[in-house]
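prediction below, plus the sequence it came from.
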Amino acid sequence: MKLGELATHLGAELRGDPELEVTGVKGIEEAGATEVTFVANPRYTALARTTRAAAVLVEPGFQQIAAATLRLPNPYLAFSRALALFYQPPAYAPGIHPTAVIDPTAEIGAGAHIGAYVVIGPNVRLGDHATLLPHVVLYPGVQAGDHLFAHAHSVVRENCVLGDHVTLENGAIVGSDGFGFAKNEQGRWEKIPQSGPVRLGNRVDVQANACIDRATVGSTEIGDGSKVDNLVQVGHGSKVGENTLLCAQTGLAGSSVIGNNVILAGQTGIAGHCTVGDGVILTAQSAVSHDVPPGKVISGSPGFDNRVWLRAVTIFQRLPELLKRLDRVEKKLAAQTSSEGDPPGKGGPD
């Protein structure tokens, strides 16, 4: 593909040779003379000056560099779209593998690819153009919209509901039992039935080995456009809004309520029955056990305002030095107090 064609496809302003041939997309340190890269983080600006790439996707006000530039407001998104032009994932032709087990009451939409050893239970309804790769299991009563893509070994439990364009990565579990137990008269934990399904909206991605628990009553819900990263735990009865990111190893305890456009960074935690408002960001390894108003940036465990947390961390790093200074001040004050308390004629000149 010529660089001018790529610029037109992406809607970018090209500064460079439109006839230059490009063959792929790579990171800024690996890209070669026929490949395109991008800069979306200022820390990589210096690398843009020395990159061997044919062209760099940058913001409109980016400095002039030796390489050709494709200028547009969101270089990272443009990089993703350019990558899609050069990388084509495997295509799966419609058809049902002879080892698949499909209950006769299941309804399979047009154009489905059903792979080896897939199990589809009674009363399942799949929309058009579903792709189920080997060993996917859909329990009884599952309902899924169009373009479901379920990678190998993903599981959807009974009566869960999935919207259109849902992607389940390897080992994702939708609708596993919530962690509900009550102590009985003998002091033993007795399992509470988990009767409510999981409901995933449209364009939801559930990454590898993430678990979204079904509800005790009601339902567990993930809103349109939200993304659930690897090894995330969503507790029973939780509600997650639209376009929210739950990053790796995040955990939501039962009945958590997460708003729209929230970012919960890696290894963050939400205590049960807490509400996190729209637009909140929890930085990595933060945890909250209280409601968080919309728009806040929270850090630390227990979590509090990010700006205060940054100041607190700076002070924490200086504690050994501050302790030494405090010790010197205390010794000096003690010496002065001792000197002032001596009888006349002692403890030094009058």
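Structure's in. What do you need? Numbering: from 1, shown residues only.

quick one, what contacts residue 120?
The neighbourhood of residue 120, defined by Cβ atoms under 8 Å, 6 or more residues apart in numbering, consists of 100-103, 106, 108, 114, 126, 132, 138. The way it works is simple: take the backbone N, C-alpha and C, and place the C-beta from them, glycine included.

same thing but at 6 Å, please
102, 106, 138 (Cβ atoms under 6 Å, 6 or more residues apart in numbering).

what do you get for residue 292?
276-277, 280.

who's it bridged to?
residue 276 (DSSP bridges).

ok so, going back, pLDDT and neighbour count added to the contacts of residue 292, as TSV?
As requested, those are exported to TSV (pLDDT from 0 to 100; neighbours: other Cβ atoms under 10 Å):
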residue	pLDDT	neighbour count
276	97	28
277	97	17
280	97	23
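
highest neighbour count among the contacts of residue 120?
residue 138 (30 neighbours; other Cβ atoms under 10 Å).

so that residue makes contact with residue 126?
No - with contact defined as Cβ atoms under 6 Å, residue 138 and residue 126 do not form a contacting pair (7.8 Å).

where does the protein dip in pLDDT?
341-350 (pLDDT under 70).

80 instead?
Applying pLDDT under 80 to the chain flags the ranges 301, 303-304, 307, 309, 313, 315-316, 338-350.

and the lengthiest helix in it, what does it pack against?
What stands out as the longest helix in the chain, according to DSSP state H, is helix 319-340. Taking 3 or more Cβ pairs under 6 Å, 6 or more residues apart in numbering; DSSP states H and E as the contact definition, helix 319-340 has no neighbouring helices or strands.

any idea how far it is from the chain center?
49 Å (Cα atoms, centre = their mean, to the nearest Å).

you'd agree residue 83 is in a helix?
Yes - the assignment for residue 83 (DSSP: H, G, I helix; E, B strand; the rest coil) places it in a helix.

nearest residue to residue 298 in space, please, no chain neighbours.
residue 282 (5.0 Å; Cβ to Cβ, 6 or more residues apart in numbering).

oh sorry, the question was meant for residue 34
Nearest to residue 34 is residue 23, by Cβ to Cβ, 6+ apart, at 4.4 Å.

ok, the one you found to residue 222 distance?
38 Å (Cβ to Cβ, to the nearest Å).

repeat for residue 263
For residue 263 relative to residue 222 (Cβ to Cβ), the value is 15 Å.

swap in residue 76?
From residue 76 to residue 222 the distance is 24 Å (Cβ to Cβ).

show me what contacts the spatially most central residue of the chain?
Geometric centre of the chain, nearest residue: residue 247, 2.8 Å, by Cα atoms, centre = their mean. By Cβ under 6 Å, 6+ apart, the contact set of residue 247 is 229, 265-266.

could you redo the last one with a cut-off of 8 Å?
By Cβ under 8 Å, 6+ apart, the neighbours of residue 247 are 229, 232, 263-266, 268, 284.

list only buried entries from these.
For the contacts of residue 247, a burial check counting by 16 or more other Cβ atoms under 10 Å picks out 229, 232, 263-266, 268.

from those, which land in strands?
263-264 (DSSP state E).

go through the buried ones among the contacts of residue 247 and name the one nearest residue 173.
residue 232 (10.9 Å; Cβ to Cβ).

surely that closest one meets residue 246?
Yes - counting by Cβ atoms under 8 Å, residue 246 is a contact partner of residue 232 at 4.8 Å.

what's the burial count for residue 127?
22.

how far away is it from residue 72?
Distance from residue 127 to residue 72, by Cβ to Cβ: 34 Å.

so what's the closest residue to residue 196 other than its chain neighbours up against?
In this structure, residue 196 finds its nearest non-sequential neighbour in residue 215, 3.1 Å apart by Cβ to Cβ, 6+ apart. Residue 215 sits next to 178, 194-198, 236-237 when contact means Cβ under 8 Å, 6+ apart.

are any of the residues you listed buried, and if so which?
178, 194, 196-198, 236-237.

for stretch 79-97, buried residues please.
For stretch 79-97, by 16+ other Cβ under 10 Å, it's 79, 82, 85.

typo on my end, stretch 134-143
Here stretch 134-143 shows 135-139, 141-143 as buried, counting by 16+ other Cβ under 10 Å.

hmm, back to that, counting neighbours, go ahead and name the busier of residue 76 and residue 222.
Ranked by neighbour count (other Cβ under 10 Å), residue 76 and residue 222 place residue 222 first, with 29 against 11.
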